[in-house]
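Q: my questions concern the predicted model and sequence given below.
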Protein chains: 2
Amino acid sequence: MKTLHLYTAFLRVLTLGALLAVGIDAQAQTDPLPSWNDGAAKQAIVAFVKDTTTQGSPKFVPPAERIATFDQDGTLWVEHPMYSFAMYALESVPALIKAKPELAKVPPFSTVLEILKGDRAAVAKLTMPDVEKILAATYTNRSVDQFNAEVTKWIAEAKDPRWKKPYTELTYLPMQEVLTYLRANGFKTYIVTGGGQDFVRTYSEKVYGIPPEQVVGTAGVVKYSYAKDGKPYLFKEPKLLLNDDFTGKPEGIHLMIGRRPLMAAGNSGGDRQMLEYTKSGDGARLSMLVLHDDAKREYAYGPAKGLPNTKVGTFTQALYDEATKKGWIVISMKDDWKRIFAFGP
Amino acid sequence: MKTLHLYTAFLRVLTLGALLAVGIDAQAQTDPLPSWNDGAAKQAIVAFVKDTTTQGSPKFVPPAERIATFDQDGTLWVEHPMYSFAMYALESVPALIKAKPELAKVPPFSTVLEILKGDRAAVAKLTMPDVEKILAATYTNRSVDQFNAEVTKWIAEAKDPRWKKPYTELTYLPMQEVLTYLRANGFKTYIVTGGGQDFVRTYSEKVYGIPPEQVVGTAGVVKYSYAKDGKPYLFKEPKLLLNDDFTGKPEGIHLMIGRRPLMAAGNSGGDRQMLEYTKSGDGARLSMLVLHDDAKREYAYGPAKGLPNTKVGTFTQALYDEATKKGWIVISMKDDWKRIFAFGP
């Protein structure tokens, strides 16, 4: 009997609490995207979230199916002058050479030394097999634990050449707001990156609030092995398992998530298939592309819209035209973003 | 000022609610594992959850790191006389033959027809390449959507030969209780199965409360393709990407989760490496093996402990000895489980 009384009292208190909470919420309701200028992009995001999460809306989606996928480089953080996962590979070469001095005279490692000494033009000497050799040498042939320790050390110390800040501070505040806004509305947020899956997983939780199991990236074969003391460990083999770029993005999403996203964001040709796959599902879908058109506050590159061409995060005019035709939202950094970084501007 | 008042009132109400809730909780606290007999296995599970989730405990683990992985066949549901993912393959052969009648006379499909007609001994005729051929023909060379539709139809209609019930009702109630208990304590529960990842994902949420993105299984290559109308779709190629058994289990866990589990459960040699990997991490870890020693209520097979030998879910004496030596908990279905199925007994 006493329990029942307590229970009823508890229910009453809870109901009162809920009513008060609603009252407060309505009063305290603030803009979830304060770093966005009011425009088509911001309106599309807010409308999409409202449509998919409002009970009774014809486009309502149950929380379990609210999956949103984000490219990382150029979409969530700066990718120029060079992807940070590639900077990691280049800057890890001196340590490699310290362990095996004979590499100092062997291309492509000798070329990397020239680049690190400041000869930026030497980058042009690197062929695709060269890049693969450098990535294999710095990302594989070691245990997962060793690799994680090496990346954790590098990411804590490395600085971007322009802002002289850690890469982890060069995330776009407006996109961080979108991640937070989506999660507050029951979405599960994922990173789907062409960068190394193990690489991004070392910092994703700290930097984006995205746990390792919600990072899909380029992944190599890992082999279950035993140390001399009999302890098992995972060894990173120099063999590609998933190339998470272009068609590899929807393929990786199927492998690791198993559901079509409701929403996806990217910024270059490597994201095209993910945006197409997302948008071709039923019901409310949102596909977005970040256009880097702000030379002053960040960078300007395309070549879409007559912006300078680039090999890092190429956004062609054809992609821009396709986006316009298919209703993918193009986000102009210059016009849509009030602020770009948490540290300003 | 009014807002502040409301806010203070709200906080007071919330605090009162929390206090009352604690009071009720202490009174209403019931056994989270009612289908378990009180014994070493149940005690180990309860102690593990208490150790890892009690604030201030030396073995406390933050919620984000609470990962638990479960084999499916023989651990969460019945696997005898044959794995249900294999039954699916066999029972899909008549439809294959309907589409291509010439297959009726070609082994191994002709052999499958004999088996389905009741000639159980014909199973012995199937070689490993035969099994691979049957799996490829029934699991691949179709779109993901078509496969999902086929499995969804089959699983709704297929019945286990002994209990004449859908396979989805043959889950072990004590293990369902463990899944619920872990989730109530902030754990993320995963299935890590040698069965087909796409297969298990079609029903995992409904049957176990485990969403598709928390199913790691044997997976094939999937190819992003276009239909005639230009719509993209995913095509299941007859090519293996991840063989999620034995060493493939910890390798798959790394690929899809990226963290070492705190807890793992299995029932056969294919789970050995997952249990070893789990248990060799730091802090509190729990590895468990279900021993099928209940011929009356379910099945009895080993050959551990002198139980009859089997090719389906083999649990050797060597595995039993290793479990004893390394502190992996062996769950006796006969002694540890008060009830086995929700429908009784």
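A: Looks like it arrived, so ask away.
Q: tell me if stretch A:126-145 is near chain B.
A: Yes. Using CB under 8 Å from any CB of the partner chain, stretch A:126-145 reaches chain B at A:V144. Quick note: C-beta positions are derived from backbone N, CA and C, even for glycine.
Q: contacts for that stretch, please.
A: Residues from elsewhere that reach stretch A:126-145 (CB atoms under 8 Å, 6 or more residues apart in numbering or on different chains): A:86, A:88-90, A:92-93, A:96, A:107-109, A:111-112, A:147, A:150, A:196, A:198-199, A:220, A:222, A:225, A:233-239, B:254.
Q: go again using 7 Å as the cut-off
A: A:89, A:92-93, A:96, A:108, A:111-112, A:147, A:196, A:198, A:220, A:222, A:233-238, B:254 (CB atoms under 7 Å, 6 or more residues apart in numbering or on different chains).
Q: drop anything exposed from the residues you listed.
A: The neighbour-count test (16 or more other CB atoms under 10 Å in any protein chain shown) marks A:89, A:92-93, A:96, A:108, A:111-112, A:147, A:196, A:198, A:220, A:222, A:233-236, B:254 as buried among those.
Q: residue ranges in chain A under the pLDDT threshold?
A: A:1-29, A:345 (pLDDT under 70).
Q: so which residues on the stretch 101-250 of chain A come close to chain B?
A: The stretch 101-250 of chain A comes close to chain B at residues A:144, A:201, A:205, A:211-213, A:215, A:219, A:222-224, A:231-232, A:234, A:247, A:250, as judged by CB under 7 Å from any CB of the partner chain.
Q: returning to that earlier point: inside strands: which ones of the buried ones among the contacts of stretch A:126-145?
A: A:G196, A:G220, A:V222, A:Y233, A:L234, A:F235, A:K236 (DSSP state E).
Q: so the third one bridges to which residues?
A: The bridge-partner assignment for A:V222, based on DSSP bridges, gives A:K236.
Q: from A:R272, how far off is it?
A: Note on A:V222: its distance to A:R272, by CB to CB, to the nearest Å, is 29 Å.
Q: could you pull out the strands in the stretch 151-300 of chain A for me?
A: Ranges of strands in the stretch 151-300 of chain A, per DSSP state E, counting those that start in this stretch, are A:188-196, A:215-226, A:232-242, A:263-266, A:286-291.
Q: so which of these comes closest to B:I331?
A: strand A:232-242 (22.9 Å; CB to CB).
Q: now for that closest one, which elements pack on it?
A: Strand A:232-242 is packed against strand A:142-143, helix A:144-157, strand A:215-226, helix A:248-256, with contacts defined by 3 or more CB pairs under 7 Å, 6 or more residues apart in numbering or on different chains; DSSP states H and E.
Q: out of those, which is the most enclosed?
A: Most buried of these, by mean neighbour count (mean count of other CB atoms under 10 Å in any protein chain shown): helix A:248-256, with a mean of 25.
Q: what's next to it, contact-wise?
A: A:69, A:192, A:216, A:242, A:244, A:261, A:271, A:273-274, A:277, B:144, B:219, B:222-224, B:234, B:256.
Q: cutoff 6 Å now
A: For helix A:248-256, the external contacting residues (CB atoms under 6 Å, 6 or more residues apart in numbering or on different chains) are A:V192, A:V216, A:L242, A:D244, A:Q273, A:M274, A:Y277, B:A219, B:V222, B:Y224, B:L234, B:M256.
Q: likewise for stretch A:92-101?
A: Contacts for stretch A:92-101 (CB under 6 Å, 6+ apart): A:L103, A:A104, A:F109, A:V112, A:A137, A:T138.
Q: what's the residue closest to the geometric middle of chain A?
A: Centroid check for chain A by CA atoms, centre = their mean gives A:Q72 as the closest residue, at 2.3 Å.
Q: could you find the closest non-adjacent residue to it?
A: A:T193 (4.2 Å; CB to CB, 6 or more residues apart in numbering or on different chains).
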